[in-house]
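**Student:** What follows is a predicted structure for the sequence shown.
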Amino acid sequence: MTNKIQTRGRPKAFDETEALTAAMHYFWEHGYDNTSLDNLLVAMGIKKSSFYATFKSKAEVFSRCLALYRDETYRQLKALKEQIGPKATMMQLTEMTIKELEESGNVKGCLLINSGKECYNRYSDLSHQIKIEFNFVQDLFVSFIKEAQELGEIISTKDAHVISGRYMNTLNGLVVTIQAGASQELIDDLVESLKEILE
């Protein structure tokens, strides 16, 4: 019988994507400044030694969360577009915003917009990344609008970049309006404006 040398196994590595997803939702809920290292460790379910060995700093985690948010947004919107078409996908975001309000009484809004307000003129590297990620999402909407125009779903012949800008500004305005406790009448008016933008 052969003797086997028993070696101590390495601890099971944590799932980085799972940990980052948890961190992303925590940042989304509480903001960058209001999130401490201790908060992150609890949210991500990892130890401080693992945190520093993998992520180095809170800023790096946040940076990777922004990239994850962009990738998740891209994946979800592209998948939805394949199911219901480009225009319906963009209007679905409005319906999701209203549904979130009805179900939870609150609307988190876009992580990039929320973070952009918080980081502007304070954290230059993060602010620069947020701008890049935001432009990526805007370009995605531009491609949706161009496709919708080609399909005849959007009749407007305005430049897709103009329509995309108006759509994103109005959608974000809807979120801010809801967060400010605006009347249902004003909320309904903004929803109508979004429909008109995509006509």
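**Tutor:** That came through, no problem.

**Student:** Helix or strand with the lowest mean pLDDT in this protein?
**Tutor:** One helix or strand of the chain scores below all others by mean pLDDT, DSSP states H and E: helix 86-104, with a mean of 88.

**Student:** so how far is that one from its chain's centroid?
**Tutor:** Computed by Cα atoms, centre = their mean, to the nearest Å, the chain-centroid distance of helix 86-104 equals 14 Å.

**Student:** In terms of secondary structure, what does that helix contact?
**Tutor:** For helix 86-104, the elements it packs on are helix 58-84, helix 124-151, helix 160-179, helix 184-197, judged by 3 or more Cβ pairs under 8 Å, 6 or more residues apart in numbering; DSSP states H and E. All C-beta atoms are positioned from the backbone trio N, CA, C, and that covers glycine.

**Student:** List of residues touching that helix?
**Tutor:** Contacts with helix 86-104, where a contact means Cβ atoms under 8 Å, 6 or more residues apart in numbering, come from 77, 80-81, 84, 106-108, 141, 144-145, 147-148, 151, 153-154, 167, 171, 174-175, 178, 187, 191, 194-195, 198.

**Student:** wait, what's in contact with G173?
**Tutor:** For G173, the contacting residues are L190, by Cβ under 8 Å, 6+ apart.
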